[in-house]
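> this one's structure only:
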């Protein structure tokens, strides 16, 4: 019975080997007729009209804007402050990659949409709808869309950050907000958002550091110096965070900073 099974396996292996060899042979013979090497040619020549060149440049500009969309989301909105604050919260809790990055970024995106909702609605009313109806040009669309964003950034920007960049740009005085270019306002706003995110992260860290210190002192007093304090303090951090409804408090405090 054992010899019969071995013989059957050997015959099966020989048949499979012959089948694979036949497939390889036919694939090699059919390859030149089925697959062909593409010919790629990039040609730059005289344009038929200036309008055609302008359309191509507009498409290239649109591709560049789509590529820079994440940067625009980071620098023109409150996404930076929210992301930094949530990162410090996870680091203070010591939960490593829990919640995962996808969840943290997704939460930050929807919180950004919540905070920026009135601004985006205003952009839709004064810029997107008129442009879609053909009432304004592309240049006017950009100018109109920047008005609500500039108002939001001016409400959140710190005067010291704005003064820093105006001094570097040699803008000694300005009569109104319209005199400040976006090249000065955007980095000043982004710098302020990063600073505020770190301040919130520091405040979030304090109660968790207190728990770490208490656990470390207790373990040292009990003579358990070889036991990692982080291993013991992690459940107490989670317990404290759950009892005080930590997510609710953090998100509420974070959103109130934009008022």
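That came in fine, so what should we check first? All figures in this text were calculated on a predicted structure; none of them were measured in a lab.
> what about this structure, any weak spots by pLDDT?
1-58, 65, 73, 225, 227, 229-230 (pLDDT under 70).
> biggest helix in it by residues?
Using DSSP state H, we find that the single longest helix of the chain is helix 182-221.
> how far out from the middle of the chain is it?
20 Å (CA atoms, centre = their mean, to the nearest Å).
> list the buried residues for that helix?
184-193, 196-197, 200-201, 204-205, 208, 211-212, 215-216, 219 (16 or more other CB atoms under 10 Å). Heads up, the C-betas are built off the backbone N, CA and C, glycines and all.
> again with stretch 156-165
In stretch 156-165, counting by 16+ other CB under 10 Å, buried: 156, 157, 161, 162, 165.
> what does it rub up against?
78, 180, 184, 185, 187, 188, 189, 191, 192, 193, 195, 258 (CB atoms under 8 Å, 6 or more residues apart in numbering).
> for the residues you listed, work out which two are farthest apart.
184 and 258 (21.6 Å; CB to CB).
> how far does stretch 216-233 stretch from start to finish?
Terminal residues of stretch 216-233 are spaced 8 Å apart (CA to CA, to the nearest Å).
> residues in contact with it?
94, 211, 212, 215.
> can you rerun that using 10 Å?
94, 208, 209, 211, 212, 213, 214, 215, 234, 237, 240 (CB atoms under 10 Å, 6 or more residues apart in numbering).
> closest to residue 120 among the residues you listed?
Minimum distance to residue 120 across the contacts of stretch 216-233 is 34.7 Å, recorded for residue 208 (CB to CB).
> for the nearest residue to residue 93 once chain neighbours are set aside, what are its contacts?
In this structure, residue 93 finds its nearest non-sequential neighbour in residue 237, 5.4 Å apart by CB to CB, 6 or more residues apart in numbering. When contacts are counted by CB under 10 Å, 6+ apart, residue 237 is found next to 92, 93, 94, 95, 207, 208, 211, 212, 215, 230, 246.
> which SSE is residue 237 in?
Using DSSP states H and E, the element containing residue 237 is helix 229-243.
> what comes up buried for that helix?
By neighbour count on 16+ other CB under 10 Å, the buried set for helix 229-243 is 229, 232, 233, 234, 237, 240, 241.
> tell me the one of those residues nearest residue 108?
Looking across these and measuring by CB to CB, the closest to residue 108 is residue 241, at 18.7 Å.
> residues touching the closest one, list them.
Taking CB under 10 Å, 6+ apart, we find residue 241 in contact with 89, 92, 93, 95, 207, 208, 247, 249, 250.
> of these, grab the buried ones for PyMOL.
Per 16+ other CB under 10 Å, the buried members of those correspond to this PyMOL selection:
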select buried, resi 89+92+93+208+250
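> thanks again, I'm all set now.
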